[in-house]
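1. Predicted model and sequence below, questions to follow.
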Amino acid sequence: MGMPQLIVTAVLIEGRSKSAVARDYGVSRRWVITLLQRYLAEGDAGLAPRSRRPRHSPTQTPREVEDRIVEIRKQLDKDGHEAGADTIRTHLLREQPTAPAVSTIWRILTARGFVTPQPHKRPKSSYLRFASEQPNERWQTDITHWTLGDGTDIEILHWLDDHSRLLLASTARRVFKAPDVETSYRQIAATYGDPASVLSDNGAVYTGRYRRGGRVILELTLNTRGVVFSHSRPYHPQTCGKVERLHQTVKKHLATQPPARTIRQLQRQLDAYRDYYNTVRPHRALARRTPLEAYQARPKAAASGIPLLDPHYRVRHDKIDNNGKITLRHNSRLHHIGLGRRHAGKPVLLLVADLHVRIITSSGALLRDFELDPSRDYQPQPKT
């Protein structure tokens, strides 16, 4: 749902006043009226984005001046001279009393294909910035590191709402394992509700795709609750840019505090800063509102609640140990499967389809065919 649909729904369905909607969503009352008029006249099609390009542009650089800029550029390039926008402007001023600004000449050269953007000089304006339209539309999560006063390395887990930048959680532990991250999510969801989606990197606590070919407990929980779980491209932290930037903000604050000697002291510092960050600190990206104000200003998105169909399949090679057992990881937990000591040392194949497991020898002989019981560490052989 985009901003125009939110505004129209708030006025026509909720019955809120145009002035209140304009104030809550940070737009003008005139724009609210325009959207309503378009919707009543054209339906949903009237809310589609429209070009803002003016019909006439009196201040546009004359075509003959643009052509002359291109001629000078070509001539300078041909002669092997410096041909930047500032140099071209100097040449123009030698021919006529006025000339376009350097920035205008640069734009003309870019539009005519004479400027090739260079990665190491990429302008900030070229980055595509994305922010969710609603609170709980997407949460970002990541883990960073901090050092206690005694030199102990500590991990800090952050959860952040993409739309409002609300810091949902800032938790310190010696090491975060997959079940710890899942527990943290459940605690946050109990307060704020399940989000429509979650974004993270490809760490082992967030996905088992790249390391074990399976799924970790957070993936299973989100799938069960109908929460879309996506991951950034490997080695591309910009995708999770908001939570990455939050790491820097939190660390900058911690560096000004007395060094915490214990995890408990560090957690107290994190809790105090989280309260300040959410309720006091004006955020530049939120028109100087606090994250909590931005979070409360709009309707919340939510998970579908319908379990996502994401069956897990894998084939694994293993070898039966001397005790006649093999191990299989499910839901971030190891399970021991009994096959009998008579098979000790045999190489086997595990054919896994979610909880259904078939174990065969390298020659294709079936040793076991059963449903894994996630509540039991040991899966005993069936009684005969």
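-> Yep, it's here. Numbers count the residues shown, from 1 in each chain.

2. From the chain's centroid, how far away is the helix or strand of the chain with the lowest mean pLDDT?
-> Least confident helix or strand, the chain: strand 313-319 with a mean of 81, by mean pLDDT, DSSP states H and E. Taking Cα atoms, centre = their mean, to the nearest Å, one finds strand 313-319 lying 32 Å from the centre of the chain it belongs to.

3. I'd like the mean pLDDT over the next helix-or-strand element following that strand, please.
-> Downstream of strand 313-319, the next assigned helix or strand under DSSP states H and E is strand 325-330. The average pLDDT within strand 325-330 is 86.

4. which parts of strand 325-330 are buried?
-> For strand 325-330, burial by neighbour count (16 or more other Cβ atoms under 10 Å) applies to Lys325, Ile326, Leu328, His330. From N, CA and C alone the C-beta is placed, and that goes for glycine too.

5. Now distance to Asp162 too, for those residues, in TSV please.
-> Formatted as TSV, the buried residues of strand 325-330 follow (distance: Cβ to Cβ, whole Å):
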residue	distance to Asp162
Lys325	45
Ile326	42
Leu328	36
His330	31
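
6. ok, so of the residues you listed, who is nearest Gly241?
-> Set against Gly241, the nearest of these by Cβ to Cβ is His330 (33.4 Å).

7. The closest one against Arg376, yeah?
-> No - counting by Cβ atoms under 8 Å, Arg376 is not a contact partner of His330; they are 11.0 Å apart.

8. pLDDT weak spots in the stretch 251-384 of the chain?
-> 288, 309-313, 331-332, 384 (pLDDT under 70).

9. quick one: the strands in it?
-> With strands called from DSSP state E, counting those that start in this stretch, the stretch 251-384 of the chain shows them at 313-319, 325-330, 333-338, 347-353, 356-361, 366-371, 378-379.

10. Leaving out sequence neighbours, find the closest residue to the residue lying farthest from the centre of the chain.
-> In terms of distance from the mean C-alpha position of the chain, Glu95 ranks first, at 52.9 Å (Cα atoms, centre = their mean). Leaving out its chain neighbours, the residue that sits closest to Glu95 by Cβ to Cβ, 6 or more residues apart in numbering is Arg68, at 7.8 Å.

11. Which strand or helix spans the one you found?
-> helix 63-78.

12. helices or strands next to the very next helix or strand once past that helix in the packing?
-> Downstream of helix 63-78, the next assigned helix or strand under DSSP H and E is helix 85-95. Counting contacts by 3 or more Cβ pairs under 8 Å, 6 or more residues apart in numbering; DSSP states H and E, helix 85-95 packs against helix 63-78, helix 102-111.

13. list the buried ones in the first one?
-> What that stands for is helix 63-78. Going by neighbour count (16+ other Cβ under 10 Å), the buried part of helix 63-78 is Val65, Glu66, Arg68, Ile69, Val70, Ile72, Arg73, Leu76.

14. Then stretch 280-295?
-> Using 16+ other Cβ under 10 Å as the test for burial, stretch 280-295 gives Arg281, His283, Leu286, Arg289, Thr290, Pro291, Leu292, Glu293, Ala294, Tyr295.

15. which residues touch stretch 327-335?
-> If you take Cβ atoms under 8 Å, 6 or more residues apart in numbering as the criterion, stretch 327-335 is touched by 177-179, 182, 208, 212, 214-217, 220, 316, 336-337, 350, 352, 355, 357, 372, 374, 376-379.

16. One more: stretch 339-354?
-> 311-326, 328, 357-362, 367-368, 381.

17. For this protein, just list every one of the helices.
-> For the chain, the helices defined by DSSP state H cover 3-12, 18-25, 29-42, 63-78, 85-95, 102-111, 178-192, 217-225, 241-254, 263-279, 291-296.

18. List just the one of these that sits closest to Asn202.
-> For the helices of the chain, the distance to Asn202 is smallest for helix 217-225, at 11.8 Å, taking Cβ to Cβ.

19. export that closest one as PDB, just CAs?
-> C-alpha atoms of helix 217-225 as PDB (Å, rounded to 0.1, in the frame of the first residue of the first chain):
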ATOM      1  CA  ILE A 217      15.100 -21.700  14.000                       C
ATOM      2  CA  LEU A 218      14.300 -18.100  13.200                       C
ATOM      3  CA  GLU A 219      13.500 -19.000   9.600                       C
ATOM      4  CA  LEU A 220      11.100 -21.700  10.700                       C
ATOM      5  CA  THR A 221       9.400 -19.400  13.200                       C
ATOM      6  CA  LEU A 222       8.900 -16.600  10.700                       C
ATOM      7  CA  ASN A 223       7.700 -19.000   8.000                       C
ATOM      8  CA  THR A 224       5.200 -20.400  10.500                       C
ATOM      9  CA  ARG A 225       3.800 -16.900  11.300                       C
END
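
20. can you pull the buried residues of it?
-> Buried residues in helix 217-225, counted by 16+ other Cβ under 10 Å: Ile217, Leu218, Glu219, Leu220, Thr221, Leu222, Asn223, Arg225.

21. Looking at the residues you listed, which is nearest Pro307?
-> Pro307 lies nearest to Asn223 out of these, by Cβ to Cβ, at 6.3 Å.

22. what about Thr361, neighbour count?
-> Using other Cβ atoms under 10 Å, Thr361 has 14 neighbouring residues.

23. Then Thr171?
-> Applying other Cβ under 10 Å, we find 22 other residues in the vicinity of Thr171.

24. The nearest residue to it once chain neighbours are set aside pairs with what?
-> Distances taken as Cβ to Cβ, 6+ apart place Leu157 nearest to Thr171, at 4.7 Å, with adjacent residues excluded. Judged by DSSP bridges, the bridge partners of Leu157 are Ile143, Thr171.

25. Arg173 is in contact with Leu157, correct?
-> Yes - Leu157 is within contact range of Arg173, at 7.2 Å (criterion: Cβ under 8 Å).

26. and for those two, which residues touch both?
-> Common neighbours of Leu157 and Arg173 (Cβ under 8 Å, 6+ apart) are Asp180.
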